[in-house]
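Engineer: here is my input, please return the structure:
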Amino acid sequence: NLVLINQILDSDSISALRVDSYFEIKAMVDSYLLIQLVADGVQGNADSAALPGLAHFQALGLTIEGAAAGKLLGEVIEGLSNTAVRGYSQLQGLAEQVTKIVAVAAGSGPSLTAADFADLGFDGVNEGNLSTVLTNIAATSPDGTQIDEFIELQALISAVKTTAIAKIVAYSQGNGAVPAPLQLQDYHDANISSEQVTEGSVALANAALLSNLASSTDADAINTVLLAANTAFRKTVTAAENDIAGNILSDKDYQYMGFAFLTATELDKINGLLDSSVIDASHLANYSDLQNLIAGYFKIHELANAL
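Structural biologist: Numbers count the residues shown, from 1 in each chain. Predicted structure coming up:
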């Protein structure tokens, strides 16, 4: 520890004025040793009163602002390994990350990444749901008191996914208009892979969920429905490109993509359309193209039969 304490004394943040008395030096050393003591890699096993706080971090010359940031940093350190908080630069980095989080609550909105949250020991933040996590933090008390405990902030992060899944399930049980259609961010918040849902496939995902998702479900069930829909759509594009729809596409494939039950006659007509020489993969750039193609085809037949 002596070498590391000397490194702190050598840092630019520690001036002679900060350590010009025995008591100041003792406060710095005691603060450092306390940090090393509580950093055991187990979150929540120490009484909060025993954790380092703002005064301890200031005694070390760390740049950190406000009691909320000091309290949160102390709780963060408790859950980190001892090796993660040995060096001055490590501690300053953690202090800066925590200060940024508290600043978001205050409305200043500094730049944060998913990696910042991971470094602090928080689970569940990724680049897909980061914007929602930050929005929810910004909606808390500006003084940071609603996120100054590790368990509070982790609960806020975890709620992003559970709320999104509940929203997806609610939509799947609606009529497509009420509740409002899902947006790409809803899928990101539910931790649905970007490979499953992209900006261009939201309509496919929504249609598939409306037709195929059970009311009691979880992320795995949602992913299963989306995987089936994506597989069926890729199969449809391949069929149109190679004029083999009649051979490989069944009514089940269309149901996976959210289309209503098809009679044998309707299935033959749609597959026949896809197998025509004028339709190829370029006509099915996304799910909406397929929807419009099928709807227009049946509308033409409907008008023709009415004559």
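Engineer: mind listing the strands for the stretch 201-307 of the chain?
Structural biologist: Counting by DSSP state E, counting those that start in this stretch, the stretch 201-307 of the chain has no strands to list.
Engineer: in it, where is pLDDT below threshold?
Structural biologist: 216, 306-307 (pLDDT under 70).
Engineer: let's go with 80 and repeat that
Structural biologist: Within the stretch 201-307 of the chain, the stretches with pLDDT under 80 are 214-217, 301-302, 304-307.
Engineer: what helices and strands are in contact with the helix or strand encompassing Val29?
Structural biologist: Using DSSP states H and E, Val29 maps to helix 22-38. On a contact count with 3 or more Cβ pairs under 8 Å, 6 or more residues apart in numbering; DSSP states H and E, helix 22-38 meets helix 2-10, helix 54-59, helix 67-78. From N, CA and C alone the C-beta is placed, and that goes for glycine too.
Engineer: show me what counts as buried in that helix.
Structural biologist: 25, 27-29, 31-32, 34-36, 38 (16 or more other Cβ atoms under 10 Å).
Engineer: now pLDDT and distance to Thr132 too, for those, in JSON lines please.
Structural biologist: Listed next are the buried residues of helix 22-38 as JSON lines, based on pLDDT from 0 to 100; distance: Cβ to Cβ, whole Å:
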{"residue": "Ile25", "pLDDT": "79", "distance to Thr132": "46"}
{"residue": "Ala27", "pLDDT": "85", "distance to Thr132": "41"}
{"residue": "Met28", "pLDDT": "81", "distance to Thr132": "40"}
{"residue": "Val29", "pLDDT": "85", "distance to Thr132": "42"}
{"residue": "Ser31", "pLDDT": "90", "distance to Thr132": "36"}
{"residue": "Tyr32", "pLDDT": "87", "distance to Thr132": "37"}
{"residue": "Leu34", "pLDDT": "94", "distance to Thr132": "35"}
{"residue": "Ile35", "pLDDT": "93", "distance to Thr132": "32"}
{"residue": "Gln36", "pLDDT": "91", "distance to Thr132": "36"}
{"residue": "Val38", "pLDDT": "93", "distance to Thr132": "31"}
